[in-house]
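Asker: Please work out how this folds:
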Amino acid sequence: MTDQALYQKAVEQLKYSYAPYSKFAVGAALLTEDGKLFTGCNIESAAYSATICAERTALVKAVSEGNRKIASLAVASSSGDLTFPCGICRQMLVEFNPNMRVIVGDQQGKLKVFSLNELLPEAFTAQELDKD
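Answerer: Okay, here's the model as predicted:
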């Protein structure tokens, strides 16, 4: 799947967003190494800490169905600007592939691609837990 096609899948998820408090819809599309697609949107709650981001929604769907080899993630938002995964999402994503490609775009469809390592340098990983 091309970056543009994956990003378009993220854009399509904006219509499913439930963001009555922030009014900031986010859609995500995640591609596994074997070509499976998982999508998600942000879902807010009046108890703000219960809110889940689009990126984590897609990741949870993938992992809960046995897919742990993540290749790429595209993120789109209603802002029309480049929107990046938040810190919590970055931390969750690094667990499954610190080198995954993160694709962000704007309302004109101009894309930028980063590695997750670029967005979360010096990440806390399971390797940190193995240190004495």
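
Asker: those helices in this protein, which residues are they?
Answerer: With DSSP state H as the criterion, the chain has helices at 3-13, 54-64, 87-94, 116-119, 126-129.

Asker: Of those helices, give the one that comes closest to Tyr21.
Answerer: Tyr21 lies closest, by Cβ to Cβ, to one member of the helices of the chain: helix 54-64, at 15.1 Å. Any C-beta I mention is one placed from the backbone N, CA and C, and that applies to glycine too.

Asker: what's the closest one in contact with?
Answerer: 10, 13, 17, 26-30, 32, 36, 38-43, 52, 68, 70, 73, 75, 85-86, 88-89, 92-93, 96 (Cβ atoms under 8 Å, 6 or more residues apart in numbering).

Asker: change it to 7 Å
Answerer: Contact with helix 54-64 is made by 13, 26-30, 32, 38-43, 70, 73, 75, 85, 89, 92-93, as judged by Cβ atoms under 7 Å, 6 or more residues apart in numbering.

Asker: likewise stretch 30-39?
Answerer: Applying Cβ under 7 Å, 6+ apart, the set of residues contacting stretch 30-39 is 1, 6, 9, 13, 28-29, 58-59, 61-62, 67, 69-73.

Asker: This completes my enquiry, with thanks.
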